[in-house]
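Engineer: Could you work out the structure for the sequence below:
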Amino acid sequence: MTKPKVFVSRIIPAAGLDQVKAHCEVDLWTERMPPPYEVLTERVRGVDGLLCLLTDRIDPALMDAAGPQLKVISQMAVGYDNIHIPAAAERGIPVGHTPGVLTEATADLTFALLLAAARRIVEGVNYIKAGKWETWEPETLLGADLAGAKLGIIGYGRIGRAVAKRASGFDMNLIAYDPTISAEDAARLGITLVELDTLLAESDFVTVHTPLTAETRHLINHDTLHKMKRSAILINTARGPIVDPGALYDALKAGTIAYAALDVTEPEPIAADHPLLSLPNLTIVPHIGSASVRTRNQMAEIAAANLLAGLRGKPLPHQVPNR
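Structural biologist: The predicted model follows:
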């Protein structure tokens, strides 16, 4: 029996890739950098399935280039803003993603960034490397306390709730903004819902966990940053374009807010000479929210399971809604 043809746009953990290889004829992109759009368009011609990453633009033209035999698109990520979902739905192509399994790892990194920003860890490391540590001083690198501080959570989905669980262990006071949650659901989840302006004005720490949509693009901008406390710390482990990078640079440079820590950026990856990287009160890490061994293995397994189910004409275990 002829195996289905699939294109896998990057080397993924063996936990998933071995499953795909066992059941499919695999064309695997082995370069470190993602395939250019033109190359991706050529490599998907005639395939039955596509396993891709957030770095791949999957638009209507690419789907048409693949051909009418394309049965499934499986993405190894929870987000899918790089995929044109309405076009896939029009062509009857189910799209899979990997929700749930990266919740704990991303919440861990969010809190790691929050702690690092609060206690100015990266500044401390750079302080030593610059040869400035000559004695103990009472007012050197003073940071922010967590106990009793107010944490504002923008987006109270799985990851937002997991961050809240960690924050409660540090005796932080919690509020959230999420227009998709009803007052009844908020009461059931034990969270105080507020309007965005209230969250920004009251929070000592603001952490972003909302999907990237037309409504949330540059949600954090010049206006919203100026509504925050001057002592506030901003964390973003969701999507880079939710935060306007120019506005963030101006706010950090002027002291409009005290500090920011990002796992995601706009653009991504961020250039080494980007103005943001010149700021001492900003920490950026390279999109490693889900970068634990267990989590990435589980993501690869789910991506493989979605791909194989679609190739067999079965419902995907984790399918993106057709909208």
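
Engineer: which residue is nearest the middle of this structure?
Structural biologist: residue 238 (3.7 Å; C-alpha atoms, centre = their mean).

Engineer: and residue 64, how many neighbours?
Structural biologist: 13 (other C-beta atoms under 10 Å). For the C-beta atoms, the positions are set from N, CA and C on the backbone; glycine is no exception.

Engineer: Which of the three states applies to it?
Structural biologist: helix (DSSP: H, G, I helix; E, B strand; the rest coil).

Engineer: now do residue 26
Structural biologist: strand.

Engineer: Please apply the same query to residue 210.
Structural biologist: Classified using three-state DSSP, residue 210 is coil.

Engineer: In this structure it contacts residue 153, no?
Structural biologist: No - contact status for residue 210 versus residue 153: not in contact, 9.5 Å apart, counting by C-beta atoms under 8 Å.

Engineer: and for the two, which residues touch both?
Structural biologist: Shared contacts of residue 210 and residue 153 (C-beta atoms under 8 Å, 6 or more residues apart in numbering): residue 178.

Engineer: Comparing the two, which residue is more hemmed in?
Structural biologist: residue 153 (28 against 23).

Engineer: buried stuff in the helix or strand bottoming out on mean pLDDT in the chain?
Structural biologist: In the chain, the helix or strand scored least confidently by mean pLDDT, DSSP states H and E is helix 183-189, which has a mean of 92. Residues residue 186 are the ones in helix 183-189 that count as buried (16 or more other C-beta atoms under 10 Å).

Engineer: I'd like the next helix or strand past that helix.
Structural biologist: Downstream of helix 183-189, the first helix or strand assigned by DSSP states H and E is helix 196-202.

Engineer: mean confidence score for that next one?
Structural biologist: Helix 196-202 carries an average pLDDT of 98.

Engineer: and that helix, which residues are buried?
Structural biologist: Under 16+ other C-beta under 10 Å, the buried positions of helix 196-202 are 199-200, 202.

Engineer: Show me what that helix is packed up against.
Structural biologist: Under the contact criterion of 3 or more C-beta pairs under 8 Å, 6 or more residues apart in numbering; DSSP states H and E, helix 196-202 touches strand 150-154, strand 173-177.

Engineer: Which neighbouring elements make contact with the next helix or strand after the first one?
Structural biologist: So the one you mean is strand 150-154. Along the chain past strand 150-154, the next helix or strand (assigned with DSSP H and E) turns out to be helix 158-168. Judged by 3+ C-beta pairs under 8 Å, 6+ apart, helix 158-168 is in contact with helix 103-118, strand 150-154, strand 173-177.

Engineer: let's go with 6 Å and repeat that
Structural biologist: Applying 3 or more C-beta pairs under 6 Å, 6 or more residues apart in numbering; DSSP states H and E, we find helix 158-168 packed against helix 103-118.

Engineer: ok, residues contacting the helix it packs on?
Structural biologist: 143-144, 158-159, 162-163, 166, 207, 233, 235, 237, 259, 261, 283, 289-290, 292, 295 (C-beta atoms under 6 Å, 6 or more residues apart in numbering).

Engineer: Mark which of these are part of helices, please.
Structural biologist: Those of these mapping onto helices are 158-159, 162-163, 166, 295, per DSSP state H.

Engineer: Using the three-state scheme, assign residue 2.
Structural biologist: coil.

Engineer: Could you measure from the closest residue to it other than its chain neighbours over to residue 49?
Structural biologist: Excluding the flanking residues, the one nearest residue 2 by C-beta to C-beta, 6 or more residues apart in numbering is residue 25, at 8.0 Å. Note on residue 25: its distance to residue 49, by C-beta to C-beta, to the nearest Å, is 10 Å.

Engineer: And for residue 124?
Structural biologist: 48 Å.

Engineer: neighbour-wise, which of these two wins?
Structural biologist: residue 49 (27 against 15).

Engineer: does residue 6 sit in a helix, a strand or a coil?
Structural biologist: Going by three-state DSSP: residue 6 is strand.

Engineer: Might you report the residue contacts of it?
Structural biologist: 24, 26, 47, 49.

Engineer: Neighbour-wise, which one of those leads?
Structural biologist: Busiest of the contacts of residue 6 [other C-beta under 10 Å] is residue 49, holding 27 neighbours.

Engineer: So in terms of bridging, what pairs with that residue?
Structural biologist: For residue 49, the beta-bridge partners are residue 6, residue 72 (DSSP bridges).

Engineer: surely it meets residue 307?
Structural biologist: Yes - at 5.2 Å, residue 49 and residue 307 qualify as touching, with contact defined as C-beta atoms under 6 Å.

Engineer: Identify the contacts common to the two.
Structural biologist: With C-beta under 6 Å, 6+ apart as the test, residue 49 and residue 307 both reach residue 72.

Engineer: outside of stretch 186-202, which residues touch it?
Structural biologist: 150, 152, 175-177, 224, 227-228.

Engineer: Just the buried residues from those residues, in PyMOL please.
Structural biologist: To isolate the buried subset of the contacts of stretch 186-202 in PyMOL, counting by 16+ other C-beta under 10 Å, use the following:
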select buried, resi 150+152+175+176+177+224+228
